[in-house]
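Undergrad: everything below, folded, please.
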Amino acid sequence: MIKVVVIGGGWSGCASALTAKYAGADVTILEKTDMILGLGNVGGIMRNNGRYTAAEEIINLGAGELLEITDKASLHTKVNFPGHNHASLYDVTKVGPMMQNLLISKDINIMYMARVVDVNKDKGKIKGVYLATGEYIEGDIFIETTGSTGPMGNCLRYGNGCSMCILRCPSFGPRVSISKRAGIEDLLGQRGDESYGAFSGSCELCKESLSDEIVEKLNSEGVVILPVPKEDINMDKLKVKVCQQYALDEYAENIILLDTGYAKLMTTYYPIEKLRKVKGLERARYVDPYSGGKGNSIRYLSMAPRNNGMKVEGLDNLLCAGEKSGLFVGHTEAMATGSLAGHNSVRLALGIPLLELPHNTAIGDIISFANQMVKTPEGLKTRYTFAGADYFQRMKDLNLYTTDNEKIKERIERIGLLNIYKEKIV
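TA: Predicted structure coming up:
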């Protein structure tokens, strides 16, 4: 049986594992922390703007169990907030165990606290990987979904210091770029001023630390918008955000809270003494990152060059997905790239052509467009998300954006790819 090893257990890693399993592989996930889903444990936003279209494409391509989890865990649906429509807000405290149960039910092996630190490569092929414990894991095909956040040194060099985010580098060790260990040079994202990396775009507040009025409104409506005192409005902070779909004036002029189990604060960081000046937030406390009053994690410092089938260029048996595969933002984007990488892992092992999703799908277009743009200086300063900014406008210009489920299903049927990810190849 073909053995596929997925390095990283975030949304893209879990998506890769599922579709590789559907295709007939024996699958192992190596996760460096003690829980899966990574940033998905503090995310919570789905189906907003063009992500609705992409989510339905994922379902019709055959990886719908991923969306079943976020849909079932949704606390609110069809929520509107500045720049975004028809969002679903899922409970971040529930999705991790739900995903773990799904993976176990599919007989996918999950190894926790399994940080990969090096590779054994023979010419252009990875034979196996070494864990921090010294254990050696062999495989036929490897999928790197390690993300682009961390290690601590990057947060110190390009940010405001380690903020002790959900990835917990001090506890579990820094992320290691597997493609770079195998001799492939990383691509680095830039900000507008050409400095490297970008701050993660949101923080989590403990709901119990907020006023009863705010909690009640969050629970009932899913969103609370509070004006920032005029003296504290800072437009410059919008430039450093990874999530350019939230780089609107409203996000500097207001405190925008979303109910994701926690109270999701839609800003990179906010000094706690200023936050507590706002009525109802006098006792506000950060849950993630713990130092959200000072900074946040720094992302987009480790991407691998790849083709549109998600295979890493220069290596025979390594694919990538999620932020490791480009300047992508969001869980839907991670699921979309991960599902394709997992399916193609079995194709790659068998030596048959990799599936490349066509341009008349939102997923196929964003994968190829981001790959084309990352080769340009300006493209390294751009982020690609179905939810907003430049790419969502491109979706609308190309008539790819729709919330009509039947039209999306017809789109996938027309190109002959309905439930392609469910097909067993070997």
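Undergrad: hey, where'd the strands end up in the stretch 1-150 of the chain?
TA: 3-7, 26-30, 45-46, 74-81, 84-90, 109-111, 116-122, 125-131, 136-138, 141-144 (DSSP state E, counting those that start in this stretch).
Undergrad: select, out of the ones you listed, the one closest to Thr332.
TA: Closest of these to Thr332 is strand 45-46, at 6.3 Å (criterion: CB to CB). The C-beta positions use only the backbone N, C-alpha and C, and glycine is treated the same way.
Undergrad: who touches the closest one?
TA: Strand 45-46 has contacts (CB atoms under 8 Å, 6 or more residues apart in numbering) with 55, 67, 70-71, 74, 87-90, 258, 260, 264, 330-332, 387.
Undergrad: quick one on the thing from earlier: so can I have TSV of the strands of the stretch 1-150 of the chain showing mean pLDDT and distance to Gln393?
TA: Formatted as TSV, the strands of the stretch 1-150 of the chain follow (pLDDT from 0 to 100; distance: least, CB to CB, whole Å):
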stretch	mean pLDDT	distance to Gln393
strand 3-7	98	33
strand 26-30	98	35
strand 45-46	96	19
strand 74-81	97	18
strand 84-90	97	14
strand 109-111	98	39
strand 116-122	97	38
strand 125-131	98	39
strand 136-138	98	43
strand 141-144	98	30
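Undergrad: need the winner for burial among the ones you listed.
TA: strand 141-144 (a mean of 32; mean count of other CB atoms under 10 Å).
Undergrad: show me what that one pairs with in its sheet, parallel or antiparallel.
TA: Strands that pair with strand 141-144, judged by DSSP bridges, come out as strand 3-7 (parallel), strand 318-320 (parallel).
Undergrad: of these, which is nearest Glu410?
TA: Shortest distance between Glu410 and these, using CB to CB, is found for strand 318-320: 29.3 Å.
Undergrad: quick one: mean pLDDT over stretch 194-205.
TA: Mean per-residue pLDDT for stretch 194-205: 88.
Undergrad: cool, stretch 218-237 as well?
TA: pLDDT averaged over stretch 218-237 gives 85.
Undergrad: CA atoms only for it, dumped as CSV, please.
TA: Taking Å, rounded to 0.1, in the frame of the first residue of the first chain, the C-alpha atoms of stretch 218-237 are listed here in CSV:
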residue,chain,number,x,y,z
LEU,A,218,-22.6,38.3,20.8
ASN,A,219,-24.6,35.2,21.7
SER,A,220,-27.7,36.5,20.0
GLU,A,221,-26.3,38.2,16.9
GLY,A,222,-22.8,36.9,16.5
VAL,A,223,-21.2,40.3,16.0
VAL,A,224,-20.6,43.5,18.1
ILE,A,225,-19.2,46.7,16.8
LEU,A,226,-17.8,49.3,19.3
PRO,A,227,-16.3,52.7,18.3
VAL,A,228,-12.7,53.3,19.1
PRO,A,229,-11.9,56.5,21.0
LYS,A,230,-10.8,59.1,18.4
GLU,A,231,-7.4,59.5,20.1
ASP,A,232,-6.7,55.8,19.7
ILE,A,233,-7.6,55.4,16.0
ASN,A,234,-4.5,54.1,14.2
MET,A,235,-4.8,53.6,10.4
ASP,A,236,-1.2,52.5,10.0
LYS,A,237,-1.9,49.2,11.7
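Undergrad: show me the shaky parts of the stretch 201-350 of the chain.
TA: Within the stretch 201-350 of the chain, the stretches falling below the threshold (pLDDT under 70) are 235-248.
Undergrad: that one: helices as residue ranges?
TA: 212-221, 250-253, 272-275, 331-350 (DSSP state H, counting those that start in this stretch).
Undergrad: among the ones you listed, which is nearest Tyr130?
TA: Tyr130 lies closest, by CB to CB, to one member of these: helix 331-350, at 20.5 Å.
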